[in-house]
Structures are given as structure tokens and as C-alpha cells.
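*Asks:* This is a predicted model, with the sequence first.
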Amino acid sequence: MRYLIKNGRVVDPANNIDSVMDLLITDGKIAEAGKDIKAPADVIIDASGKIVAPGLVDMHTHLREPGREDKETVRTGTIAALCGGYTSIACMPNTEPAIDNVKMVKTLKDIIKKDALTNVFIIGAITEERRGIKIADIRGMKEEGVSAFSDDGSSVDDERVLLEALKTAKKEGTIIIEHCEDIKISANGVINEGFMSTKMGLRGIPKRAEYERVKRDIELAKKASARIHIAHVSCKESVEAIRKAKQEGVGVTAETCPHYFALTEECCATYDTNTKMNPPLRTKEDAEAIKEALKDGTIDVIATDHAPHTDSEKDVEFDFAPFGVIGLETALSITAMELVEKGILSWKDLIIKMSLAPARILNIDRGDLKKGKAADIAIIDPSGAYVYEKEKIRSKSKNSPFIGWPLKVKVSEIFVSGELVMKEGAVISGS
Amino acid sequence: MTLKEKTKILDKETMDKSLERISHEIVEKVKSVEDIAIIGIKNRGAYLAVRVTDKIAKIVGKRPPLGALDITLYRDDLTQVAEQPVVHATEIDFSIDGKKIILVDDVLFTGRTIRCALDALIDFGRPSQIQLAVLIDRGHRELPIRADYVGKNVPTSLKEVVEVRLQEVDGKDEVMLCEKAE
Amino acid sequence: MEKKLVWTKKDLLGLEYLSAEEIEFILYTAEGFKEVTTRQIKKVPALRGKTVMNLFYEPSTRTRTSFELAAKRLSADVINISVEASSVKKGETLIDTGRNMEALKIDVLVVRHSSSGAPNILARAVGSSIVNAGDGWHEHPTQALLDMFTLKSKLGRIEGLNVSIIGDIAHSRVARSNIWGLTKLGAKVTVCAPRMLIPVGIEKMGVKATDDLNEALEGADAINVLRMQFERDAAVAFPSKMEYFRQYGITTERLKKCKPDIVVMHPGPINRGIEMSSEVADGPNSVILEQVTNGIAVRMAALYLVSHAKKAS
């Protein structure tokens, strides 16, 4: 199928492009990019007034398959991803069983081949069963196509184990993603430790649980001369540590999630468990620091940490609800509203944070609309407005803190490998 | 609901004369002031009860015991009432057992308020007799209740409202016949 | 005194959510109910035909009995349910239980739970009125109300009083509710506990915090002495009960340095010889038993008001 996308504002930071032009897709690839393309096409799409960008890349999603298909499957998760403008997602290995060996990677690859509507890249576990004791078969999994390694959900507590993993990752040419949390400090906390935890009578998670681990992991990466990626940064002190490390030339990259700059701990006041996640929502000061860090490049990526949980698991006392919120469908809208509209980031910056940078960190060839590259394209309507209703959520789970919010920015068409996969939220059958 | 004033039924002087007459009637009917107690129904009934007690004290030279009854907790129409009733404290610091109670209220209308007051009084003890004194009887009884002492009988239609205003609460003494304006 | 206010809240979840006027109104209503408890026949038909359920996920004889008596004196039908804590994990969820009770047409659910926010979650899911009888470390509104009712009856007012709350503040729902209620009504509140038991940011609730008991007692018009729970986290801060008594126990000696008519309160049950000496507990400054009596009137007021809440127009 040949598609001609006309008159859209093409935002392609990989090639320093931000202007109105046409895009021609042939044989699953970008065939041409330029003004007034005259070449023949089977389908012409008028993208006037819209943004044409490389499909978004989420380097932090939880797909729950195998094991908890009641929460989400590869199929439902990739549909949700498409709605949010994502053409590639990287899924974390904390499934049941964990993706910690070649056999599990193969099993997952088969499911992805059968059911995925977007590209799905696999993140393998650092240690066996993610228990933090014995390093998993990183080389074997890398050869099987795994893009990165993480025990996410947990941090690797033992310094020696993490150091060895970092060295192995460096040798194998891959990267470690660390969920920074010292559980001896966070203990049984359920919300940020501060005024809200005191007021609400809930056990608090001190920020130290995160930033002390961030500092430790940066030191270990330095020691191993290896790259490290810090997952879901939530607070000012973590930002400061990462900024300092970058200034010193340490190979550290970092991500944050939309809820850490759009929400604060005050949102938890009603004990709504859709505001409970780990790390928890922090203070206004931290949210401002996160925004500043996105602006000055300290934080490289905006990821979703899409963590589906069923209604019956979340609809309980705050103490007992599992941590996590979904985010694939709302990340683009929230980021555009909180950062682009408010002048903190440009659209070009947004595409870098949500597509190009994560692609580069994972070392996957995406986020780039140069001629010959895979045609993963999102056509974004910046004027689209809607109310985010629970009934309309496409993910199998509905645990979002943004339910009921009036949101802006919609994805009108989305291409994966040159095929139109979704239009106005409807999956095109046969794709 | 706004009220439109129609006529003045009683003014300060005539109100006082009515209360004077009621007080004399009570004294006449009762053998001994020792046997009676005056209990006013909050809110305005309580203030009227004070006046009646003062007058009786002047006539007889002795003050009968005086109490005030809050009937909010006994109302049977709480879910229908538009304005939320407020619970005030009942003040009866004497035993009512064996006493002849004179209940005092400002307006006798459907009789339901008096029924509540009777329920409340029975919970307080066992009076030998309960009589009722009201400033205005406006008819339209929904229960078999009647007043023993009446200041003035005023025939009214259901569209009308009898407003008793007292110095202690409203700044002046008068009784107005008003009409509900839509 | 005439009080006018339209009560619109179908639930009583905490004093944080009430205005000063609403708190004053409950106390005023409680006055009316106090009178009922002094009668020969301690019953009024105000809640006749209504059903009140004590849904207690945490054991408690005294609070439950207090609520039960309050409901019965209002002529309500009362049911008591004690839920084993473990059944929460094994069996029915809180919301499912709440919905089942609503299906039984229970009008008021009095809920005590070990998780903060449990009554808030129930109130959102269920149409019955929810009265919080204590949730985790969060709030115990009727306790604070009866504490303030008692203070008002002893000292005539709340505004301008110096009140010190002494004990394990971090884990105390009684402390939090009292802080909200007292500060909203204009009292000056000091909280006193060993450093580890003073929660982060408590000053933002409008109180002064100190770990020095003498500082907390100086100039205090009233003190509220909290129960020290050695079986919970608090054990970390103190090696022994004797140690706690030495540093924070209220004794006749310590009271000598206070205002002579200082009011001494305690939510009960008292650990004699730990939070306070027996002499103080039984002494002339203690109003502990009055608190218990006042508890009934305050809970009657709470049950009455939530049952007759007018929908805000």
C-alpha cells in the first residue's frame, strides 16, 4: 500500500525537521519527504492542521502477559498504545513467570508475533526471578533480541550483583534500567512521606528511598564505566543527582512519567487508589523540578510506566491496593497540555522525549522519519478535545488518575511499518 | 415562600389583654396553683409561657413551676419539612408526676405539634392532667386535639399563614394574618 | 442561644471536612441530646424505624457500646458486626460488604477500620450514611467532638484555650481529629511526643510541636493524654513502659506546676502508671468519666444529623 500524507506539520527531530510538508510511504518505509510530492499513491491522507511525527516509543510498559491476562494482554495493551500515539513499546519482565531466560523470551516473542498491533520490544530481567541474587542469562537473552534489562518493580539490592550486571551489560552492548528504591527505607509506605501522609494517617515513603538508591546506582555505573538508565524519576533530589552525574560525564540517562509533572501528592486526598503508584506522587516543588529537568535535558525520556490492575484489586482500602496506574492512552495528551501548551517544551522536544530519545537509549531503529526508515508514523490532531471517560478506556484495566479529565490532543491516524493500523481510534482489521 | 401581610389580628395591647384573660381563666379553673406547672413549646410558645407564668404570679402571689419543651425529636414530618429543624435543649427541671400541666403554644393549627408535645411529656413522667393554652386557634385540625384556653379564634383559609411576632424574638408584639405569595 | 444551620452531610468522615460552623452545630445539637440522657425515660423517637449498624473491623467494646447506646436512645434498631481482620484478605472486600449492607437497607453504617481512608472509600461507593468510628491513624471525629464538648462544658469555650495533646501523635487518630476541631474553633494547640512520634509536617496543621513535656504543660488550660500503644510501631521509641512514664507520664507532681484547674482528658482505656498515675486519673482535674457520659450525647447528635442530612441545593 502506498500512502501519501499531505500538508501535515512534519516534526522529525532526528533530521532537524519541523515544517509543513508531505510524506510518502511505500513498502512499509518512508519513501520520500518533501514539499508537494507528486508521486502516485493508493491512499491520500489530508493532514492539514495536524502534526505528523514518528510514532511514539514507550520504553516502560507492563503488559502482564503471560500470567495476568485479566489485567492486560499483549493485544489489549498494544491497542491502548496505538490510541496514545505509540507504535513501539518495550515491556517489563515482571510477568508470571518473569522473562528471565531465553525460553521465556521465545514464548513472549511468539505471543507478540501473534497478537501485537505495535512493535513490542522485550526488556529482560537482570536477575533470576527478579530476586536480585543470581544474574540471569543476559547474553543469551540479548542474542534472542532483548533490548534492555531491568528487575523493575524491584531494585537490585545487592551492590555487588548490580555492579556485575552493569559490567555484563557493557560487555554485551546493552543497558540496565534500574527501579531505584531502597525497600528498607520505603518499608510499608503507601504515599509520599510529608504533610499529606501525616494528614491522611498513611504510612509515608521518604524520598530518600529513591534518591539514595539513584546516587548509589550512579556510582556503580561510574565504577563499571557502563551506561545506566534510571526509571520513573519522581523527586527533586534524584534530578539533582542525575544532573551532577551528567555534568561529570557519567553515562546515565533518565526517564519520568506524566503523572510526576502533572499531579502532586495532594491528588491523593480522597484516598482514590488511582493515585497510588510507586514511586508515589510527590510535592509541587518536585513536580517543578521534574519540569525543569525535562527542559534542560537532565531527564531524557517521558515514559508511561503503564501498570494495569483490575477494578477488584484497586477498589479496596488505600493500604491494600496494588501500586500502579495505566498511562499509554493519556501520556501524549497530558504531556502536550502540561508542557507544550505551557511553553516548557516545544513539539520537537516532546517528540524527542517520547520517541527519538527512548529509541536511541534502547538502541532500536525508530523515532526517525528519514527516507528508508520504517514508516512508524503518528498523525496527531492538536486541537482534538475529549473527556477521558472510564467506559471509553481501551486498556483492559481502568486504573487511571485522569478519569473524568477534559483532555486535548488526539491521534487521528497511526501507521506501523507503513500499514494504517488505527484511524480515529478504530483498529483497521487485517492489520 | 414569601408572605404578603393582609391584616393585623392582634397588636401589642390586645395581645397582652388576651394573655391576661387566659391567665385569669387558668387561675379560676385550678383549685390550687401548687398543682400546676406551665410548659411552653419552643420556640415562641416558651416565651408566651414566661409571660403567662409572670401574670399568674401577679394574680395569685405565687409562681407556678415553668419549663420549656423542644419537640423537634418527636416530629413525624422530618423528611418533608423544607427547612431543617434544629434540636434545642428541653428545660424541665422539676418532676411532672402528678401535676396538672398547662401546655402553652402560639398557634394551634393541625394539632400535630401538640401531639408531639404530648408524646414528649409522657416520656418525662406521669402528669395528672394536661391542658392546652394557645394565643391563636386558626382551625383546620387534622387530629382530635382542642385547646382549653384560647386567646383568639381566627378562621383562616389554607392559603393563609398566621404569624406571631414577639418582642423577645422579633422585636415587636403583634399577630399578622398573611397570605402565601407564589 | 439560637443556632441555625442546614446540615447537608450524609456522612461524618472526619473533622477535617467540616467547617467551624458545622462543628459548633454538632456540639450545640449534642447539648439538646445531653438533656435526654438525664431523663427517666432515656429515649426519643428521632431515629425510630431506622437501622444503625456498627461495622467494626477492629475490636472495641467501649466505642461500640457508646454508639449502640446512642442509637438505641434514638429508638433506632441496632446491629453489631465484628469482622475478623483476616477475612478482609480472604473474603469479601470492604466495598462489597458495604453494598450488601446497603441492600439490607441499613441507614447508618458506623465503621471502625484499621486502614486510613476506609470510611471515605465506603462513603463514595454506598448510599447509606457512614459515620467514622476510627480509621487507622486518620480520624476519630466523634471522640474529638466529645472531647471538645467536655472542654466547653468545663471551661465555657474553646476559642483561645491552650490545649496540649500528649502521646503517640504519629499513630493517633484521636490527635488528628482533635487538632482539626480545636484549631478550627480557635484554640491554640500544642502536640507533645518523643521526636520519633511527631509526624512530618504536623506544624502545617496549625499546631506547635515539642518533645518537652514541661513546655507542653506550661500555661495549658487542658491536656488530652493519649493511650500509649506498646503493641504497635510506637514500641520502637521506648525501651520500657517505666521509661515512658518517667518522661511523659502525667503525675500529681507535674500537675502542681500547671494551672490549678487544668482539665485532664484521656480517650480511654487508661494505662494506669504509664500515661498517667492513678492519682491523676482519679483526681479532681480528671474529666475522663464525664467524657464517657458526653460521648453518648455527641454520638446521638452525630447519628441524628447524618440521618437527616438535607441534600445541598
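*Replies:* Ah, there it is.
*Asks:* Could you list the low-pLDDT ranges of the chain?
*Replies:* Just going to use chain A. A:430-431 (pLDDT under 70).
*Asks:* nope, chain C please
*Replies:* For chain C (pLDDT under 70), the answer is C:1-3, C:84-90, C:231-239, C:312-313.
*Asks:* show me where it has strands.
*Replies:* C:51-56, C:77-82, C:108-113, C:129-135, C:162-166, C:188-192, C:208-210, C:222-225, C:263-265 (DSSP state E).
*Asks:* May I ask you to confirm that C:Arg64 is in contact with C:Met53?
*Replies:* No - using Cβ atoms under 8 Å, C:Arg64 is not in contact with C:Met53, being 11.0 Å away. Just so you know, the C-beta spots here come from the backbone N, C-alpha and C atoms, and that holds for glycine as well.
*Asks:* Let's have the strands of chain C in JSON lines, adding mean neighbour count.
*Replies:* Formatted as JSON lines, these follow (neighbours: other Cβ atoms under 10 Å in any protein chain shown):
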{"stretch": "strand C:51-56", "mean neighbour count": "23"}
{"stretch": "strand C:77-82", "mean neighbour count": "15"}
{"stretch": "strand C:108-113", "mean neighbour count": "27"}
{"stretch": "strand C:129-135", "mean neighbour count": "28"}
{"stretch": "strand C:162-166", "mean neighbour count": "25"}
{"stretch": "strand C:188-192", "mean neighbour count": "23"}
{"stretch": "strand C:208-210", "mean neighbour count": "17"}
{"stretch": "strand C:222-225", "mean neighbour count": "27"}
{"stretch": "strand C:263-265", "mean neighbour count": "23"}
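*Asks:* now these in CSV, with distance to A:Cys268?
*Replies:* Below are the strands of chain C laid out as CSV (distance: least, Cβ to Cβ, whole Å):
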stretch, distance to A:Cys268
strand C:51-56, 24
strand C:77-82, 29
strand C:108-113, 18
strand C:129-135, 15
strand C:162-166, 25
strand C:188-192, 23
strand C:208-210, 23
strand C:222-225, 28
strand C:263-265, 32
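*Asks:* So for C:Ala301, which of those strands sits nearest?
*Replies:* Nearest of the strands of chain C to C:Ala301, taken as Cβ to Cβ: strand C:129-135 at 11.1 Å.
*Asks:* A:Val161 touches A:Arg131, doesn't it?
*Replies:* No - here A:Val161 does not reach A:Arg131: they are 9.9 Å apart, not a contact under Cβ under 8 Å.
*Asks:* So those two - more neighbours on which side?
*Replies:* More crowded of A:Val161 and A:Arg131, by other Cβ atoms under 10 Å in any protein chain shown: A:Val161, with 18 against 15.
*Asks:* Next up, the contacts around that one.
*Replies:* A:Val161 makes contacts with A:Thr127, A:Gly132, A:Ile133, A:Lys134, A:Ile135, as judged by Cβ atoms under 8 Å, 6 or more residues apart in numbering or on different chains.
*Asks:* Quick check: bridge partners of the last one?
*Replies:* Just to be clear, that refers to A:Ile135. Counting by DSSP bridges, A:Ile135 forms beta bridges with A:Thr127.
*Asks:* was I right about it contacting A:Leu166?
*Replies:* No - using Cβ under 8 Å, A:Ile135 is not in contact with A:Leu166; the gap is 10.5 Å.
*Asks:* Neighbour count: those two, which is higher?
*Replies:* Remark: of A:Ile135 and A:Leu166, A:Leu166 carries more neighbours, 26 against 19, as counted by other Cβ under 10 Å.
*Asks:* Please tell me how far that one sits from chain B.
*Replies:* To chain B, A:Leu166 is 68 Å away according to Cβ to the nearest Cβ, to the nearest Å.
*Asks:* how does the chain divide into domains?
*Replies:* In the absence of a named chain, this looks at chain A. Per automatic domain parsing, the structural domains of chain A span A:3-52+A:374-427, A:55-362.
*Asks:* Chain C, not that one
*Replies:* According to automatic domain parsing, the ranges for chain C are C:15-140+C:295-307, C:141-292.
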